[in-house]
Each structure stands twice: as structure tokens, then as C-alpha cells.
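K.L.:
what would the 3D arrangement of this be:
(chains A and B)
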Amino acid sequence: MKRKHLHLVIGMAVIALVILMSGIAAAQDAKEIMKKSHMAYYYAGDDGQVEVNMRLFKGGRERTREFSMLRIDIEEGGNQKYYTYFKKPSDVSRMSFMVHKQSDGNDARWIYVPAVDLIKPISADDKNSSFVGSDFSYEDVSGRHWNEDNHTMVNADGNLDGKAVFVIESIPKDEGYDGFAKKVTYIDKENFLPLKEEYYNKNGELIKLFKAEKIEEADGIMTVTVRSMENVKKETKTIVEFNDIEYNVGLDESIFTERYLKNPPRKYIK
Amino acid sequence: MLKRNILILTIMMLMAVPLHAELYIDGFLQGLYGGRLDENNPTATEFTASETRMQLRAEHFGNVAEFFGRLDFVYDGSDSARYDWELREGYMKFRLGRMFDFKIGRQILTWGTGDLIFINDVFAKDYRSFFVGRDDQYLKAPQNAIRMTVYPGFGDFSFVWTPRFEPNRLPTGRNLSYFNPFAGKIVGEGYYFDPPRPEAKFENGEFAFRFQERLGTFNAALYFYKGFYKNPMGAVMTPDGPMAVYPELNVYGASLRGMGLGGVLWIEGGYFDSREDQDGDNPMMPNSSVTGLIGYERQVATNLTANIQWQADMMLDYDTYEEQQIAAGAYVRDEVRHLLTSRVTKKLYQELVTVSGFVFYSPTDEDIYARASVEYKYTDELILALGGNFFHGESSATDFGQFGLNDNVYIKATYGF
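P.N.:
Below you'll find the predicted structure:
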């Protein structure tokens, strides 16, 4: 009886261990996949330049933003620097904007207003603020670190419009975070690009919906060239188109300084 | 008439510019209409603004240099109708070697850390525009200057030389009344004000210098200015009586600005060395002073940003000043003047609507100036705005108290192209 009992205990322990291990493995898998996806989406190449056309839709009306964007990766998956030069509309044209993204979360942002020759640091407390009035937040533009959420694999053999996908659920570690309470991401198994993201609030209601509308090879790297973000609650939508994409341009880090904020690097702005 | 001919000539020249692929032209058309709320304002007109403005911007990027021009044409119907135009900016920018950046021509210059409070920024301001609802860009008046910035590998050094002194643009009595110390009261029509600038001599140019360097997430700067008070703070006796003048001034200062306490923090100080009254005993000239400010800005909630600033300005040799002012029966300011300001900006509806307010309040001068506006981006091109400027002071001789009769509201429509 005793032996039998021991077998049972060992057997249960093994099963429990296997379940636990596979759980950890799955969590690790999910985290690894999120990391890979993050790298594919935000860290393509060592640097990049792109012409962006942003269209904001609300109640049948459309607004446009046009800007050039430069990015340099200081460390893969870590610190990055962004430079944005606005062309349209008229009231923001010629303004430039710079972000030094820190992996510790303390991003630094500056804006230059040429009409008054003013460089102004922007308090970067709220990453969920809208980027230039669009449905994309600052965090959507420069990326939320995969370490800030707990990831779970919901479906390792998912299918989205005929594409094989991983479906991963992410819950923010910080309970005070108010960007979303839950995010479900559909990641293309082939290139690890996010095809769809659903953002839910605390009541489980869908608040925002991201879609990769068009994926194509740009300068040798698979890139989401058209993306959209829909604010389901506010009934607004933003469609962003990337044109003239170039990777590994050889951008110098000195471009991402006040000197160039005031004197836009025309060479890289079309 | 000459001015008008030049205007026509300029328009013709602009029209004649071939639309070369690398010359970009854009701009805006704007209508601004504002009226005063106070009775008995002695100004020439009841309109603080009634103008139509067209701004044209042109830029060209060459291989070695860039050109930028910003030209304003204004029809001003607030009093007797008149046309005006101004080259707001017209400069070339180029780089020599790796270290030297040059900006030469008519340009807007800004530095320092304060939000609408200026210590080491001794560049020309336009309060005539600021007080009547023109866009923020008009607070800065252009200077005809040469700017050289040097980047030696540690920080950067800026040198600005303005050969001909450029004063602040202050209310003249036409659209806005002001306190005239010679008259001892708030004046308007009949007191148009345009004090003579320092003689056009080489040594009367303005020189401004800044060195700045990043210290971690902070930006530290040192400043120096040699020139004149931008406001006519002094007076000289002439056979026709006293005449306002711009006294000589040196400013030495420093500032620090960076991220902290979940927002942006800044601190700045300066020593104003009144060159023509170093002992503080000349009643016709301003005393030297030491001034400092501290500020903090943060995002209070999504799309809601607020800041606060505190400035303290201490007059040197105050006792002498106090005796002189009492003897002359004039307003006596406090030895240390405090100024508190706050800006609140709220963006709504996908940033289509911006509501903002800015308040200056001095507990020592007992005066206040409040600005408020609502802006609506009806389309990408058309922006509508409604706003107001409100002044109040216990004495009519203080910085904001003197504008006490100029409370105004305005509407503004801007079409960008």
C-alpha cells in the first residue's frame, strides 16, 4: 500500500512538474515570440528612413499629416532615437520632433518650433497620449517593451485570413497602467510581424484595433507598409502609409541632436 | 508711397519666381478682429485689431546653403486704413567645415528656459502683437543678425551679432493704451510712442552669447549679452523736456533645464548690469538687478498639460531708488518683485480643439494679466480661434496694471495653403 501510495505521489508530482514546466515553457515561448515580433516591427535594420502619410478619419471627415521619420537603434531591442520632420498640414509644417527612447522607460522628447526658434522639451509622462492627434499613441509609435507585460500563448496554431499565426495574450505587469487591460496579438509565423492587435479595457470591452493592412518587402526587409488603428469607442480611425522606406542608411547618431533639430538633415528628408 | 511701390514690386517679383522644383512656397491668410471691453480707453480706435494678413513662406535648399523667407502683407483697418508689410524672416543657412553653422539675415532668435518670461533671451519681443491675439509666433520680433554656432565636440557656442539695435515693440497708444511716466497717467491717442534708437554706430550693435552643454538629461547654459535695455527704461533731458531712451545693458546669466519629478524642470538666473547707472543713483536710468525663475511642467492627465513658474527680481541700490521715487511722487515698486505664472493647455477631440489659458500674477506689483483662447481646427487648412486678454492692476504704473484699459476679446480665422 505504501509503495503504491509513493508511486501515486511521484506520478502526480511528475505530472504537476510537466504541467508547470510546459506552462513556463509556453510563457517563455510567448515572451520570446513577442520579443521577436517587437524586433521585426520596431528594430528592422540598424537604422531607417521613411516618408509617412497619415490619414485621420472622424465622422466622415479626413485629415492628413505628412512627415519624414528617421530612426537609429543604439542597441538592438533597447535604446533608440527617432527624428520626425513635419511637412503637412500648414500649421505644423517645418516643425521637427525628436525622441530618445530609453529602455528604462524614461524617454526624452523635444520639439522645435521654427517660427519662434524655440526648442522645447516635452514632458513624457503619459505615453498613451495621442501622437499628433492620431489614434496611435506615442507608445504605439516607438513600441512598448515586451518586458512590461506578461504574455500567454492563446493559440500556437492560429489562422488569420489564411495566414498561420501565433495568438498571444498580454497583460500589463503594472496594475496602474491605463493604456489597456489586455491585448491580444496575432503574429505572422513566417516573419513575426503583428498582423492584428486587439486592445481591451478592464471591462473586457474592445477599445482599440490595430491592423497591418499591407505587408511587403521594402529594401530587403518584410515591412508593414500600411497600418491602421481604429478607436472603437470614439469611432475614429487612422491609416498610416510608409513610403520610400530605406534601411541601414548609415545614419549618424549626431543627427539626433539639437543641432539637427534646428537644422533638418535635408539629405534624408524627401 | 515708396513703401507701397516696394510692396507691389515684391509681389510682382514673387509672381515672377519660376516654380522651380526645389523652391517651395506656402503660407496662410488670416483675419483677426478684436475689440476692447473697457470704456474710456484713450486709444485712437476701439479695435485692438482689425486686420487681414497674408504670410508667404518660401524656401530653397541648395547644395551648400539653404534660404528661407517669410513675408507678411497686412491690411490694417483698425484706425485709418493702412497697408503694411514686413519681412519676418529672410536668411541663409550654411555650414563651414564640420564645426561652424551660420545663419545670416533677418531672423527670429530665442533661447533661455522661461515660458513667456525672458531673462537671458534679450532678443526683440512684440507685445503689440502679443496683447491683441496674434499667433504666438508674433511675440518674437525679427532681428537683422549674424548667428554663428560652433560645435567643438563639447557643447555648443552661439554668437549673435545684431549690428543695429532692435528694440521691443510696445503699445504705442494707437490700438493699446499704456502708462506714460512723463504724463503720469495712462495715455493713448496723441502719445504715439517711438523713442530714438541708439545711434547707428559699430559699437552700438548688440552682441549675445550662449554656451550650452548636456549634463545627463539636463541642459545647462551660460549666457552673456551686451547691448541695451529692449524697453525704453531710461530718460535724458532735452530742451523739449525729458525723452525716453534705451539705456546700455549687460546681462550675465545661466540656466538649467531637464526632466525631473515626472515632468520638465527649469531654473534660470541673470544679473542685469545697468551700464549707465552702476551706482544706482541716477534717477533717469534703471538700477541694476538680479533676477531668477524656476518652473515646472507636467502632463496632469491625458492631453492636459500644466506648468507653473515663479520669478523673483531684486533691484540693487533700492534705497536710493526708493528715496528718488518718493521725492518725485512716482510709483515705488518693491525691492523684490515676485511674479507667478501658470499655463494650462487641454486638447480635445483628436487634438482638433485646444483650450488654453495663461496667467501672470504679481503679488508685489498687485497686477495680473490673463490670456485665454479656444482654437478649433475645422479642417487641416482652416483654423478658427476665439480668445481674450485681460489686465488688472492696483496701480496704473506697473507692468500689467498700465494696460488695465486694454481688456479685449478677438476672433481669428486662418487658412493655410
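K.L.:
what does the stretch 101-250 of chain A put close to chain B?
P.N.:
When proximity is defined as C-beta under 8 Å from any C-beta of the partner chain, the stretch 101-250 of chain A approaches chain B at A:106, A:108, A:113, A:115-118, A:121-126, A:128-130, A:132-135, A:234, A:236. Every residue, glycine included, has its C-beta placed from N, CA and C.
K.L.:
residue B:264: neighbour count?
P.N.:
Residues lying near residue B:264 (other C-beta atoms under 10 Å in any protein chain shown) number 25.
K.L.:
okay, it and residue A:196: tell me how far apart.
P.N.:
36 Å (C-beta to C-beta, to the nearest Å).
K.L.:
residue B:209 now?
P.N.:
Note on residue B:209: its distance to residue A:196, by C-beta to C-beta, is 55 Å.
K.L.:
cool, and residue B:206?
P.N.:
The separation that residue B:206 has from residue A:196, given C-beta to C-beta, amounts to 59 Å.
K.L.:
in the chain, where is pLDDT below threshold?
P.N.:
The chain I'm using is chain A. Confidence mapping of chain A against pLDDT under 70 gives the ranges A:1-4, A:19-28, A:124-126.
K.L.:
nope, chain B
P.N.:
Counting by pLDDT under 70, chain B shows low-confidence ranges at B:1-21.
K.L.:
taking it, what residue is nearest to chain A?
P.N.:
When scored by C-beta to the nearest C-beta, chain B has residue B:416 as its residue closest to chain A, at 2.7 Å.
K.L.:
my read: that residue touches residue B:381, true?
P.N.:
Yes: applying C-beta atoms under 8 Å as the test, residue B:416 and residue B:381 come out as touching, 5.2 Å apart.
K.L.:
spit out the residues that contact the two alike.
P.N.:
A:89, A:90 (C-beta atoms under 8 Å, 6 or more residues apart in numbering or on different chains).
K.L.:
of those two, which one has the most company?
P.N.:
The residue with the greater number of neighbours, taking residue B:416 and residue B:381 and applying other C-beta under 10 Å, is residue B:416; the counts read 20 against 16.
K.L.:
what sits against the more buried one?
P.N.:
Applying C-beta under 8 Å, 6+ apart to residue B:416 gives the contacts A:89, A:90, A:91, B:26, B:27, B:28, B:380, B:381, B:382, B:383.
K.L.:
what sits against the fourth one?
P.N.:
In this structure, residue B:26 makes contact with A:90, A:93, B:56, B:57, B:416, B:417, judged by C-beta under 8 Å, 6+ apart.
K.L.:
name the element the second one belongs to?
P.N.:
Take DSSP states H and E as the rule and residue A:93 turns out to sit in neither a helix nor a strand.
K.L.:
quick check on the contacts of residue B:26: which are buried?
P.N.:
The neighbour-count test (16 or more other C-beta atoms under 10 Å in any protein chain shown) applied to the contacts of residue B:26 identifies A:90, A:93, B:56, B:57, B:416 as buried.
K.L.:
and the gap between the second one and residue B:107?
P.N.:
By that I understand residue A:93. Counting by C-beta to C-beta, the separation of residue A:93 from residue B:107 is 18 Å.
K.L.:
repeat that for the third one.
P.N.:
With distances taken as C-beta to C-beta, residue B:56 is found 17 Å from residue B:107.
K.L.:
the fourth one now?
P.N.:
Remark: distance between residue B:57 and residue B:107 (C-beta to C-beta) = 14 Å.
K.L.:
could you do the last one as well?
P.N.:
Between residue B:416 and residue B:107 the computed distance is 22 Å (C-beta to C-beta).
K.L.:
for residue B:415, list the residues it contacts.
P.N.:
Neighbouring residues of residue B:415 by C-beta under 8 Å, 6+ apart: B:28, B:29, B:30, B:381, B:382, B:383.
K.L.:
of these - the most surrounded one?
P.N.:
Using other C-beta under 10 Å as the neighbour criterion, residue B:383 leads the contacts of residue B:415 with 23 neighbours.
K.L.:
please name the nearest non-neighbouring residue to residue A:145.
P.N.:
Among residues not flanking residue A:145 along the chain, residue A:103 sits closest, at 6.4 Å (C-beta to C-beta, 6 or more residues apart in numbering or on different chains).
K.L.:
shouldn't the one you found be in contact with residue A:144?
P.N.:
No: contact criterion C-beta under 8 Å: residue A:103 and residue A:144 do not qualify, at 11.4 Å.
K.L.:
quick one: which of the two has more around it?
P.N.:
Neighbours per residue, other C-beta under 10 Å: of residue A:103 and residue A:144, the larger number sits with residue A:144, 21 against 14.
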